[in-house]
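>>> Need a 3D model of the sequence below.
(chains A and B)
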2 protein chains.
Amino acid sequence: MARIVRVAAAQMGPIQRSAQRPETLARMIALLEGAAAQGAQLVIFPELALTTFFPRWLMDASEAGGYFEANMPNPDVQAFFDRARELAVGFYLGYAELTPDGHRFNTSITVGPDGTVLAKYRKTHLPGTAEPRPGATIHQLEKRYFEYGDTGFQAFYGVPQWKAPVMGMLICNDRRWPEAWRSYGLQGVELMVMGYNSAAYDPNGGSTEDAQLRTFHSILATQSNAYMNSTWAVSAAKAGDEDGYGLIGGSCIVDPNGIVVAQAKTLEDEVIVADCDLDACRQGREKMFNFEAHRRPEHYGRLIEQVGVVLPAQA
Amino acid sequence: MARIVRVAAAQMGPIQRSAQRPETLARMIALLEGAAAQGAQLVIFPELALTTFFPRWLMDASEAGGYFEANMPNPDVQAFFDRARELAVGFYLGYAELTPDGHRFNTSITVGPDGTVLAKYRKTHLPGTAEPRPGATIHQLEKRYFEYGDTGFQAFYGVPQWKAPVMGMLICNDRRWPEAWRSYGLQGVELMVMGYNSAAYDPNGGSTEDAQLRTFHSILATQSNAYMNSTWAVSAAKAGDEDGYGLIGGSCIVDPNGIVVAQAKTLEDEVIVADCDLDACRQGREKMFNFEAHRRPEHYGRLIEQVGVVLPAQA
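All right, here's what the predicted structure looks like:
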């Protein structure tokens, strides 16, 4: 019996800093309904899907605090959770998490069709800096507003209605780090889900990267890591112009061969859908990427033993 | 001062089982001369460039032994080494190595413009099986004829004429393993060089992979791992129909953005050339992939602690 689950990515257009939550929630519910109307059983929303990408701004702790959710769900998002349960559609949602003991994370959850939170992930690879770049008016301050995720990469099972795939979550920059993908690959992941906000320019102040190149990078990383880990991958962007600063689109659904089977065409709210045959993971898993047969961890020590670059000794 | 080195990939068409060494050597010298005529300072030849891809055949130890080189250089290849030195062109060469104490490896060397062997690498990720597949007439028996490489991934410096890039070698299947690339990335690699023989069909007996898909996989893995490690990458195929069994082409030169800047168009002897600006590695290295700032090895333990897949516990 084929193990097919119909999955959607719900790309979101920009959420301006002035946006009110009910307006954002209405957009998300419309995306959910659009996906459900196409038969999707699981809908992937972006990173920090409820707010503007606030780490681009330098702000005081009090203002930044307004972007965090102390509970999930909570009254401000309940209508979204309720509609998903009515539609019997699950979802991946990214949001800024404030824990009861005051820790702040860039977080995602996967929620089942009955509203149960199946798993929570906290972003490991925070890009950017803690301090603003001198003289810059635009920043990438994730290291300022968030702590490094403490969950690691713990795979989990999707619900039986989704054919119980082994699932993994990533958030934005994580998708460029093969260590993250492999950590899930080594747990047999079949369906990787991730949301992102990726600038359409170099947020670290360079001049050599434009929207086209950065969209290419985003899709390339998703394709290749899906291939090298024999997994489906679904990535959902927040896209377009947020308060004058661009975010790339390029939301996509990629098969275990690394082939893009669906891709967003706009920088706006847009649903893409694909049927993911989980058994398509087996060709890679049992042959080229049969890890048990072919990996040689005795030669991978540097991956753990050092963080940064150590140049070879001069001859 | 820009750090630009002109590099070539010398794709080779098939080498039939009946081929005589002088004929093969003449082809390699012609490729070398063609690359030198285009100003290339370093030419990348394929894996097992001196012979047919013999691991596709089941043969006895005596016959297999005929494909191995007990010394490098040796009289059967000296004319190639001599011509390279005359042209002041360096090269990467793959060959089957028999050590003085009887070990057998799938090996590559990088040779400087004066004929000095700068570094040797022995293939880590041997694909295929040690035993033939029952009933099959065609095999992938690298695990039978070779031992796993014992060199690990040791980066080295190219010569000053090449602007002294930090270099790394891979062989064929290694290029699909992000652990291998990252091991070099953590040494600051700027120029990855590799040769391959990749079947145009599934050598493990499947029916879902054709030449187009396998060429896509080869280039995708090269592009993405170059991008994720901020390095130039040059990969050279042995291509075409060897004794009735196809090998893909797709030799390519990829920049640190993962963009293919040159790609072979045939399945025959063909030289491709590109100017590699080593300073182009800096954008990635200092920003997105600043490993010291962004890697989180405390969460990468699985990469070392386990070889194969360990499924998550059932909820």
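
>>> what does the stretch 51-200 of chain A have sitting close to chain B?
Residues of the stretch 51-200 of chain A found near chain B (C-beta under 8 Å from any C-beta of the partner chain) are A:124-127, A:148, A:152-157, A:166, A:173, A:176-183, A:185-188. Where you see a C-beta, it was placed from the backbone N, CA and C, and this is true even at glycine.

>>> By mean pLDDT, point me to the weakest helix or strand of chain A.
Ranked by mean pLDDT, DSSP states H and E, the weakest helix or strand in chain A is helix A:61-65, scoring a mean of 93.

>>> Show me what the following helix or strand past that one packs onto, helices and strands only.
Using DSSP states H and E, the helix or strand that follows helix A:61-65 towards the C-terminus is helix A:78-87. In this structure, helix A:78-87 packs against helix A:21-37, with contacts taken as 3 or more C-beta pairs under 8 Å, 6 or more residues apart in numbering or on different chains; DSSP states H and E.

>>> quick revisit: can I get the buried part of the residues of the stretch 51-200 of chain A next to chain B as one ChimeraX selection?
Buried members of those, defined by 16 or more other C-beta atoms under 10 Å in any protein chain shown, are picked up in ChimeraX with:
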select /A:124,125,126,127,148,152,153,155,156,157,166,173,176,177,178,179,180,181,182,183,185,186,187,188
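
>>> Just the residues of the stretch 51-200 of chain A next to chain B: which are in helices?
A:178-183, A:185 (DSSP state H).

>>> with those in mind, which one is nearest to residue B:29?
If you rank those by distance to residue B:29 using C-beta to C-beta, residue A:178 comes first, at 38.5 Å.

>>> That closest one against residue A:222, yeah?
No. In this structure residue A:178 lies outside contact range of residue A:222 using C-beta atoms under 8 Å: 11.7 Å.

>>> So what's the residue count around residue A:71?
11 (other C-beta atoms under 10 Å in any protein chain shown).

>>> who touches it in this structure?
With contacts taken as C-beta atoms under 8 Å, 6 or more residues apart in numbering or on different chains, residue A:71 has no neighbouring residues.

>>> and it, backbone torsions?
phi -140, psi 160 (degrees, to the nearest 10).

>>> mind checking pLDDT for it?
Looking at residue A:71, its pLDDT is 97.

>>> I'd like the distance between it and chain B.
23 Å (C-beta to the nearest C-beta, to the nearest Å).

>>> What of residue A:289?
Taking C-beta to the nearest C-beta, one finds residue A:289 at 8 Å from chain B.

>>> So that residue belongs to a strand, correct?
No. Counting by DSSP: H, G, I helix; E, B strand; the rest coil, residue A:289 is not part of a strand but coil.

>>> Just confirm it contacts residue A:230, I think it does.
Yes. Between residue A:289 and residue A:230 there is a contact at 5.1 Å, judged by C-beta under 8 Å.

>>> Compare those two (neighbour count), which wins?
residue A:230 (26 against 22).

>>> what is in contact with residue A:289 and residue A:230 at once?
residue A:185.
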